[in-house]
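sequence plus predicted model, see below.
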Amino acid sequence: MSFGNAIKPLGAWCAIAAIPMLLCVDTAVAYTRGWRPESTPVWIFVSFAAFIAAAITLSLGLPSVRTLLRVRFRDVVAVMLSQALLILGVEYMSGVLADRAEVEELPKAIANDPRAAEPGTVTKFHHHAPNIDRVGTGFLPESRFKTNSLGIRGSELPIDRSITRILCIGSSTTEMSYADQNDTWYQLAMDRLNEPSDANRYWFGGLGKSGFTTRNHIAYIRQSDLFEEADIAIFLVGAVDTLRSLSKLSISQAKPPVLLQTNTARLFTYNLPLRMGLNQDVADMSLSARMKRRMNAPKLHSLTMDPDNARKFAARIRQTIEASRAKGVTPLFMTQPTLWSDSPNDPNEDRYWTGETANGIFIATPLLKSRADAYNDITIDTCRDMGVACIDLSSMNENRDYFFDDCHFSLLGSKEVARILAEWFRDHNP
């Protein structure tokens, strides 16, 4: 047998086993440095790679397999090269799809959403079902959740164009699904501004959706025909962007395997199991479960802010401003206040439930506050650079009377936001 024929089976084996073997070696090195798999899907993923590598290696002991690899050497190498290119494509596309999913999948209607007008109602992007009028089940008893014919929290869009139309866009701190219609900060602000002369000079409508980030807001601005009907758009942003960046972290005492940090690995060890309901530790997102986990889970007390996350957030603020202006709407931002404290012994720790990372470790409160403050500073600085007004609500920070939990406004908090907002409008007359 020639040297070429002898080496071909080994070359074919290398082509087939390269990726699983690299993952096994990478994992072994990380394991010796103190890293441990953080969830069942990770264990399964690594074990499957080890099984494949072992099976391929053991199969070389069979003469029929060696003959097959020698005869089909070129085909095997060609197939594995194509598979490598496919993996690179998946790696790229999974990163793109992860960003797109954050924009496109959250707005999909949930058939059993209690805020839907009727079972199976499909809601529009950033909108609820139209003409909802029902008693809610939030923090406040007997609170009514209402929407107009466009699915906006508020009264009907005024026909009179002399009335300034204002859309309030954000996440759950804007949606305020737990509060009565008349207790939302935008309704209270509208009441304050229209009260002196009772002339109805302003109309406010709420387009907040829990879990939405600046990515969602940018997509809505660009895609919505309704948005351009507004004169001013108020954006209360920062909280979900902050928490979303933290939730994707995988905090460990040692660095995880390099290959497990790829988008492809995360697709199989985190995203797919979560969507399939296989990772119950991550999938259980109920408020009580999160609060209980936060109280008992280990806390991370040191974390360096990723400059790339900060840069991307600043870019999204700029895109929000540019997209709004392109639609002829004046953007106005507000910073997101929180209950979080710099103190290591935060007396409000029993109220918190956010800040969980991908492997169940929670970010300590001082770190949450510093990250939130950093994102608020980015909002303020970017608005200043773009010539856009930004109302700083930091005077509300750490006031237990203003929040139900980490950042959701109590009735007093909602009134305070309305007071600050109304005073700014009177002073600046936009």
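Received it, and whenever you're ready, just let me know what you need.

how about the strands in this protein?
133-135, 144-146, 164-170, 202-208, 232-236, 299-300, 330-334, 362-363, 390-391 (DSSP state E).

list the helices and strands the last one packs on?
Read that as strand 390-391. Applying 3 or more C-beta pairs under 8 Å, 6 or more residues apart in numbering; DSSP states H and E, we find strand 390-391 packed against strand 330-334, helix 365-386, helix 411-428. Using the backbone N, CA and C atoms, a C-beta is placed for each residue, glycine as well.

backbone phi and psi for residue 339, please?
Main-chain torsions, residue 339, degrees, to the nearest 10: phi -90, psi -10.

now do it against residue 173, distance only.
Noted for residue 339: a distance of 12 Å to residue 173, by C-beta to C-beta, to the nearest Å.

for residue 224, the count of nearby residues, please.
Around residue 224 there are 18 other residues, counting by other C-beta atoms under 10 Å.

you'd agree it is up against residue 125?
Yes: with contact defined as C-beta atoms under 8 Å, residue 224 and residue 125 form a contacting pair (6.9 Å).

what's near enough to touch residue 355?
243, 246, 294, 362, 363, 365, 367, 368, 406 (C-beta atoms under 8 Å, 6 or more residues apart in numbering).

tabulate those (a markdown table), appending neighbour count, distance to residue 351 and pLDDT.
Output for the contacts of residue 355, formatted as a markdown table (neighbours: other C-beta atoms under 10 Å; distance: C-beta to C-beta, whole Å; pLDDT from 0 to 100):
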| residue | neighbour count | distance to residue 351 | pLDDT |
| --- | --- | --- | --- |
| 243 | 23 | 15 | 81 |
| 246 | 22 | 18 | 71 |
| 294 | 21 | 10 | 79 |
| 362 | 24 | 14 | 81 |
| 363 | 26 | 15 | 84 |
| 365 | 25 | 11 | 89 |
| 367 | 20 | 17 | 87 |
| 368 | 26 | 13 | 89 |
| 406 | 21 | 7 | 91 |
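
show me where the stretch 151-300 of the chain has helices.
Along the stretch 151-300 of the chain, counting by DSSP state H, counting those that start in this stretch, helices occupy 172-175, 185-194, 214-223, 239-247, 263-266, 272-275, 280-283, 287-296.

nearest approach to residue 302 belongs to which of the ones you listed?
Between residue 302 and those, the shortest gap by C-beta to C-beta is with helix 239-247, which sits at 13.5 Å.

with only the CA atoms kept, save the closest one in PDB.
Taking C-alpha atoms only, helix 239-247 is exported to PDB below (Å, rounded to 0.1, in the frame of the first residue of the first chain):
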ATOM      1  CA  ALA A 239     -33.900  49.600  31.500                       C
ATOM      2  CA  VAL A 240     -34.600  46.700  29.100                       C
ATOM      3  CA  ASP A 241     -31.500  47.500  27.000                       C
ATOM      4  CA  THR A 242     -29.400  47.300  30.200                       C
ATOM      5  CA  LEU A 243     -31.000  44.100  31.500                       C
ATOM      6  CA  ARG A 244     -30.900  42.400  28.100                       C
ATOM      7  CA  SER A 245     -27.200  43.000  27.800                       C
ATOM      8  CA  LEU A 246     -26.700  41.500  31.300                       C
ATOM      9  CA  SER A 247     -29.000  38.500  30.700                       C
END
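
which strands and helices sit next to it?
helix 307-326, helix 365-386.

mind giving me the packing neighbours of the first one?
Read that as helix 307-326. Packed next to helix 307-326, using 3+ C-beta pairs under 8 Å, 6+ apart, are helix 214-223, helix 239-247, strand 330-334, helix 365-386.

again, only using 7 Å
Contact analysis of helix 307-326 by 3 or more C-beta pairs under 7 Å, 6 or more residues apart in numbering; DSSP states H and E lists helix 214-223, strand 330-334, helix 365-386 as its packing neighbours.

repeat for the longest one
If you count contacts as 3+ C-beta pairs under 7 Å, 6+ apart, helix 365-386 packs onto helix 239-247, helix 307-326, strand 390-391.

and the contacts of the second one?
Counting contacts by C-beta atoms under 7 Å, 6 or more residues apart in numbering, the residues outside helix 307-326 that touch it are 214-215, 217-218, 221-222, 233, 235, 241, 245, 331, 374-375, 378-379, 382, 386, 388.

over to the last one?
For strand 390-391, contacts defined as C-beta under 7 Å, 6+ apart pick out 333, 334, 335, 379, 380, 383, 420, 421, 424.

quick check on these: which are buried?
333, 334, 335, 379, 380, 383, 420, 421, 424 (16 or more other C-beta atoms under 10 Å).

ok, so of the residues you listed, who is nearest residue 143?
Distances from residue 143 to the buried ones among the contacts of strand 390-391, taken by C-beta to C-beta, are shortest for residue 421, at 20.9 Å.

in contact with the closest residue to that closest one other than its chain neighbours, which residues?
Leaving aside its sequence neighbours, residue 421 sits nearest to residue 189 (C-beta to C-beta, 6 or more residues apart in numbering; 4.5 Å). Residue 189 makes contact with 204, 418, 421, 422, according to C-beta under 7 Å, 6+ apart.
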